[in-house]
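In: using only what follows, build the 3D model:
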Amino acid sequence: MNDTNTANAYLRTKVMTASREELRLMLIDGAIKFAQQAMHGLEQKNYEETYAGFSQCRDIILELINTIKPEHAPEIAKSVKDLYTFIYGELVKASINKDTGILSEVISLLEYDRETWVLTMAKASEDRERGMVGAAQATGTPQPNRSISFQA
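Out: Modelled structure (predicted):
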């Protein structure tokens, strides 16, 4: 098996075993990667790289928009959908005008969204842990000692 096949098999396994939260993080990471690719293409005047980066990034943003479920928190879902819609529009503008300034702002927004999502995932994990401990205390079931550490 060559390196490309190995990488593809690894990625396929990673995607198939990821939680919904991890999948969203992977999409955000992909959007950042492809926006940076578009930026590099613009800077190098490599229009094929620029087109591929913008195209892939827009596709990912559309996927993020289309997978928002408003059932549990409609106001938050609307805000997130509005953010991604804004980002999509800015991507289109940056692509048409070959504007690195707009693209730089998009990348900043995506990186901020990623940071926020990582913190949200950590908080949700912490809340689940507390819920498990609280349930265990109520039933008298011992829980394993777990700790999670995040570093930037």
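In: Lys98: neighbour count?
Out: 15 (other Cβ atoms under 10 Å). Every residue, glycine included, has its C-beta placed from N, CA and C.
In: for it, phi and psi?
Out: phi 50, psi 50 (degrees, to the nearest 10).
In: confidence-wise, which helix or strand of this protein is lowest on average?
Out: helix 3-17 (a mean of 69; mean pLDDT, DSSP states H and E).
In: so Thr50 versus Leu109, what's the distance?
Out: Separation of Thr50 from Leu109 (Cβ to Cβ, to the nearest Å): 19 Å.
In: more neighbours: which of those two?
Out: Neighbour count, other Cβ under 10 Å: between Thr50 and Leu109, Thr50 has more, with 22 against 18.
In: contact partners for that one?
Out: By Cβ atoms under 8 Å, 6 or more residues apart in numbering, the residues touching Thr50 are Ala38, Gly41, Leu42, Ser95, Lys98.
In: residues of stretch 70-83 that come out buried?
Out: Val80, Leu83 (16 or more other Cβ atoms under 10 Å).
In: so for that stretch, what's the average pLDDT?
Out: On average, the pLDDT along stretch 70-83 is 94.
In: same question for stretch 31-39.
Out: Averaging pLDDT along stretch 31-39 gives 98.
In: what residues does it touch?
Out: 49-50, 52-54, 56-57, 60-61, 64, 91, 94-95, 100, 103-104, 106-107, 110-111, 114.
In: and Arg24, how many neighbours?
Out: 20.
In: please identify the helix or strand for it.
Out: helix 20-44 (DSSP states H and E).
In: what's the spacing between the residue nearest in space to the middle of the chain and Ile96?
Out: By Cα atoms, centre = their mean, the chain has its centre lying nearest to Ile28, at 2.1 Å. Using Cβ to Cβ, Ile28 is found at 24 Å from Ile96.
In: and if you look at Gly53?
Out: Between Gly53 and Ile96 the computed distance is 14 Å (Cβ to Cβ).
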